[in-house]
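**Q** this one's sequence-less:
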């Protein structure tokens, strides 16, 4: 049993992992009364937030459509119901839209006419979208992950995968736009990805964050829900398989979902899981939970998985260089939603930004010794013969589920 003090330490962890709401939904019969009250409050606030996201989307859709700008929704409420049964249970902090590259600047300008302003870094370096857009509402953080007043950030995407940064490519993205579909949620319709493409994109998004060292546990949980809910949908999975030339990234995402949440998978997925390269399977054997543990103990064990996927020596060198010696760290901007800051807020922002950059530098420094230790383990694993027991165990577990 988890006692009261342990719960007080666990809840901040589940908040950071975005797993507090799923915890309350799936385990409510086992939660202490005070924990259940707290999560019920979070669920109520999140329901309000989801309603505000829907209203924000409808306002944006009207503005873009009025100017003849085409777009579609990525992730977010388009994941209901297969990835999440109820949007009130889904934590969401931004609204992601995709626009064709030839329309994205026009779309960006149209949103700025609604009062949105760019936030964070400029340019397109290591990004799949233009700088996020926010409203300067005057909101200030309250140390509450589910505060319904947290302003909704907009991200306008111009590509589905950044091969130049990741140093390897994926297949199928060129068909996403032409295969888009119209779906409904609540009282409105919206354009979004074909269901098969939505799964691939969700997997790409998860693995991209995994390889960049900021994987979110909720994304893994949501993918696990999708795999489990479609375990008997043979037609979907056969169609998905027939449309993909080399679904390595999707398979890695599925492998992570099975590793962390023990979900069931369709035989088509199981076939791909059992065919993972030996070095990728070794990474899961050594470091499969490292991205989750990084929330408490910083590490860069995902680097070794990334090196397995890169195309050649030059690509591997660039990956190591970027992860070990990041050229630029995004500073944290305190009270970014406050318009026209006065002198005291300007000084606060400078101080908080400097403190944040120092904290990130310490974070990278703290990972050096663990990384060296992991490198030794990884080198030894690569020099050892493949372990057939690992694949047999996976086959047995997935078949049993």
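**A** Sure, I can see it. Not measured: the values here are computed from a predicted model. Numbers count the residues shown, from 1 in each chain.

**Q** now the strands for this structure?
**A** 72-74, 94-98, 117-118, 133-134, 153-157, 181-185, 188-192 (DSSP state E).

**Q** averaged pLDDT, the third one. What do you get?
**A** It stands for strand 117-118. The pLDDT scores in strand 117-118 average 92.

**Q** got a list of contacts for it?
**A** For strand 117-118, contacts defined as C-beta atoms under 8 Å, 6 or more residues apart in numbering pick out 112, 130-136. Heads up, the C-betas are built off the backbone N, CA and C, glycines and all.

**Q** mind listing what the nearest residue to residue 348 once chain neighbours are set aside touches?
**A** Counting by C-beta to C-beta, 6 or more residues apart in numbering, the nearest residue to residue 348 once its immediate chain neighbours are dropped is residue 334, at 5.4 Å. When contacts are counted by C-beta under 8 Å, 6+ apart, residue 334 touches 345, 348-349, 352-353.

**Q** contacting residues for residue 136?
**A** Taking C-beta under 8 Å, 6+ apart, one finds 115, 117, 337-339 in contact with residue 136.

**Q** I meant to write residue 48 there.
**A** Taking C-beta under 8 Å, 6+ apart as the test, what residue 48 contacts is residue 148.

**Q** and it, how far from residue 42?
**A** For residue 48, the distance to residue 42 equals 11 Å [C-beta to C-beta, to the nearest Å].

**Q** and for residue 132?
**A** Applying C-beta to C-beta to residue 132 and residue 42 gives a distance of 24 Å.

**Q** low-confidence stretches in the stretch 201-350 of the chain?
**A** By pLDDT under 70, the weakly predicted segments of the stretch 201-350 of the chain are 327-332.

**Q** let me see the ranges of the helices in it.
**A** 217-229, 234-242, 248-261, 267-274, 278-287, 290-293, 302-309, 313-324, 343-366 (DSSP state H, counting those that start in this stretch).

**Q** so what pLDDT did residue 51 get?
**A** 95.

**Q** thinking again about what came up before, state the distance from the residue nearest to residue 348 to residue 140.
**A** 9 Å.

**Q** next: residue 325.
**A** Counting by C-beta to C-beta - residue 325 and residue 140 are separated by 34 Å.

**Q** who's more crowded, those two?
**A** residue 140 (12 against 8; other C-beta atoms under 10 Å).

**Q** and that one, how far from residue 155?
**A** 22 Å.

**Q** quick one on the thing from earlier: which one (most neighbours) among the contacts of residue 334?
**A** Ranking the contacts of residue 334 using other C-beta under 10 Å puts residue 349 first, with 18 neighbours.
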